[in-house]
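Student: Okay, structure incoming, though there's no sequence with it:
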């Protein structure tokens with residue numbers, strides 16, 4: 001029997017209203033065990049036992065890996081950009097239906113795309129909201145952040161509704177279901193453990209793919225570990241492979257006019 005995931009608690013007087021908005025438990029100070037959502041510098045972080053989860057997890061569109069990837073990531077030649085259909089004269093409008101920490105969404109927005117991020121886990125949505133607010137106030141990335149929108153919803157059940165008030169055509173839906181990616185670093189494994197404890201597995205991946213196929217006007221792209229099977233359902237029409245991951249492409253029609 002697997003070890004039960006610890007509960008997440010929002011910590012700190014300044015986050016009382018946030019806890020109430022998301023319906024999350026709150027405490028004035030951190031408990032001895034479990035995960036906490038707390039203030040960290042200019043944003044928020046989720047932290048827990050470092051042996052189990054590693055360093056605290058944050059969403060960051062201004063510094064660190066996001067800044068490095070923005071400057072040196074490879075532009076439209078990146079695998080995610082190619083999968084989503086970026087090409088000469090083509091900048092698709094993308095729904096990132098499993099946003100996570102927003103890393104892929106920010107890359108796509110930095111390439112000029114309007115991107116809607118949808119995240120179902122309340123605590124992770126809170127990280128994204130804080131990161132987006134910080135990015136909007138930063139002169140260097142405010143223009144990119146202005147192309148990012150954010151919704152709190154379960155894409156497997158509510159994707160059409162979440163996209164309904166976005167003033168863009170959902171040409172591409174990007175999915176990265178919860179699956180044990182095969183990166184070998186302990187850091188990645190610990191971060192994935194945190195996400196799995198908060199979000200669960202990918203049991204609803206077939207339902208998520210079905211919803212995405214209904215909503216996307218042009219294509220659905222699904223990120224998978226390179227050797228993992230496709231999601232149960234219709235077969236992808238194309239596959240783009242990288243070193244550790246691949247994209248399965250489900251194409252309705254061409255993005256090229």
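Tutor: Yep, it's here. Keep in mind that this is a model prediction, so the values were computed, not measured.
Student: Any regions of this structure where pLDDT drops low?
Tutor: Confidence mapping of the chain against pLDDT under 70 gives the ranges 1-6, 68-69, 71-74, 179-189, 201-202, 257.
Student: Do a quick rundown of the strands in it.
Tutor: Ranges of strands within the chain are 8-11, 26-27, 35-40, 43-47, 94-96, 115-119, 148-152, 172-175, 219-225, 238-241, 245-251, based on DSSP state E.
Student: Select, out of those strands, the one closest to residue 136.
Tutor: Between residue 136 and the strands of the chain, the tightest spacing by CB to CB is seen for strand 148-152, at 8.9 Å. Glycine gets a C-beta too; all of them are placed from N, C-alpha and C.
Student: re the thing from before, any idea which of the strands of the chain is most buried?
Tutor: Counting by mean count of other CB atoms under 10 Å, strand 94-96 has the highest mean neighbour count of these, with a mean of 30.
Student: Now do it: distance to the chain's middle.
Tutor: 10 Å (CA atoms, centre = their mean, to the nearest Å).
Student: Likewise for stretch 190-207?
Tutor: For stretch 190-207, the distance to the chain centre is 12 Å (CA atoms, centre = their mean).
Student: Next: stretch 131-150.
Tutor: 16 Å.
Student: can you put the strands of the chain in TSV and add distance to residue 109?
Tutor: Putting those into TSV (distance: least, CB to CB, whole Å) gives the following:
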stretch	distance to residue 109
strand 8-11	28
strand 26-27	32
strand 35-40	23
strand 43-47	18
strand 94-96	9
strand 115-119	5
strand 148-152	5
strand 172-175	12
strand 219-225	16
strand 238-241	20
strand 245-251	18
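Student: For residue 103, which of the ones you listed is the nearest?
Tutor: Of the strands of the chain, nearest to residue 103 by CB to CB is strand 94-96, at 9.6 Å.
Student: Direction included, what does that closest one pair against?
Tutor: Counting by DSSP bridges, the strands paired with strand 94-96 are strand 115-119 (parallel), strand 172-175 (parallel).
Student: Which of those strands sits closest to residue 132?
Tutor: Nearest of the strands paired with strand 94-96 (CB to CB): strand 115-119, 8.3 Å.
Student: Other residues contacting that closest one?
Tutor: 93-100, 102, 105, 108-109, 125, 128, 147-153, 155, 159, 162-163, 166, 168, 170 (CB atoms under 8 Å, 6 or more residues apart in numbering).
Student: Distance check, the most centrally placed residue in the chain against residue 109.
Tutor: With distances taken as CA atoms, centre = their mean, the residue of the chain nearest its centroid is residue 99 (1.9 Å). Note on residue 99: its distance to residue 109, by CB to CB, to the nearest Å, is 12 Å.
Student: show me the contacts for residue 49.
Tutor: residue 33.
Student: at 10 Å instead, please
Tutor: With contact taken as CB atoms under 10 Å, 6 or more residues apart in numbering, residue 49 is in contact with 6, 32, 33, 34, 35, 190.
Student: How about residue 109?
Tutor: Counting by CB under 10 Å, 6+ apart, residue 109 has contacts 61, 70, 94, 96, 102, 115, 117, 135, 141, 143-149.
Student: Quantify the burial of the closest residue in space to it that isn't next to it in sequence by counting its neighbouring residues.
Tutor: Nearest non-adjacent residue to residue 109, counting by CB to CB, 6 or more residues apart in numbering: residue 147, 4.3 Å away. By other CB atoms under 10 Å, 20 other residues sit near residue 147.
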